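Trainee: pasting the sequence and the predicted coordinates here, then a few questions.
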Amino acid sequence: MRTETRMRAQLAALIYTMTNAVLFGCGLITVLTVPALSAEAAYAIPAVVVLSLVLAAPVAWFLAPRLRARYWRHRQAVAPRNVDPLHLA
């Protein structure tokens, strides 16, 4: 496994629980505030639990590289001019 992929997986694992909590909270608030869903809360809340567990992994994987300052500095420097800032000489 490449170092970049390993680092991304470690960061994704660290933020997985936080991402899961946020998705669960958003889903639960939606279920409890929408009257049609609130009437079926016995089925909707377990569905929210399962969906938040499943969806948290790809969301955490998407967010992981954005937690690295080097990634954003490199992207910001390369994007406007399409030049690698380390090889300008």
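Mentor: Happy to help now that I have it.
Trainee: determine the longest helix present in the protein.
Mentor: helix 3-33 (DSSP state H).
Trainee: tell me which other helices or strands that helix touches.
Mentor: Here helix 3-33 touches helix 35-39, helix 41-63, going by 3 or more Cβ pairs under 8 Å, 6 or more residues apart in numbering; DSSP states H and E. Every residue, glycine included, has its C-beta placed from N, CA and C.
Trainee: from residue 27, how far out is residue 21?
Mentor: 11 Å (Cβ to Cβ, to the nearest Å).
Trainee: before we move on, back to that, please state the offset of the longest helix of the chain from the chain centre?
Mentor: For helix 3-33, the separation from the chain centroid amounts to 6 Å (computed by Cα atoms, centre = their mean, to the nearest Å).
Trainee: show me what counts as buried in that helix.
Mentor: By neighbour count with 16 or more other Cβ atoms under 10 Å, helix 3-33 contains the buried residues 7-8, 11-12, 15-16, 19-20, 23-24, 27-28, 31.
Trainee: closest to residue 37 among these?
Mentor: Nearest to residue 37, judged by Cβ to Cβ, of the buried residues of helix 3-33 is residue 31 at 4.6 Å.
Trainee: please name the residues that touch the closest one.
Mentor: Applying Cβ atoms under 8 Å, 6 or more residues apart in numbering to residue 31 gives the contacts 37-38, 41, 44-45, 48.
Trainee: and the residue lying closest to residue 59 once chain neighbours are set aside, how far is that from residue 40?
Mentor: Leaving aside its sequence neighbours, residue 59 sits nearest to residue 19 (Cβ to Cβ, 6 or more residues apart in numbering; 5.0 Å). Applying Cβ to Cβ, the value for residue 19 to residue 40 is 26 Å.
Trainee: for residue 23, same thing?
Mentor: For residue 23 relative to residue 40 (Cβ to Cβ), the value is 19 Å.
Trainee: who's in contact with residue 19?
Mentor: Neighbours of residue 19 in contact, by Cβ under 8 Å, 6+ apart: 56, 59-60, 63.
Trainee: so in this protein, where's the weakest helix or strand by average pLDDT?
Mentor: Ranked by mean pLDDT, DSSP states H and E, the weakest helix or strand in the chain is helix 69-81, scoring a mean of 64.
Trainee: turn the buried ones among the contacts of residue 31 into a named PyMOL selection, would you?
Mentor: A single PyMOL command selects the buried members of the contacts of residue 31 (16+ other Cβ under 10 Å):
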select buried, resi 37+44+45+48
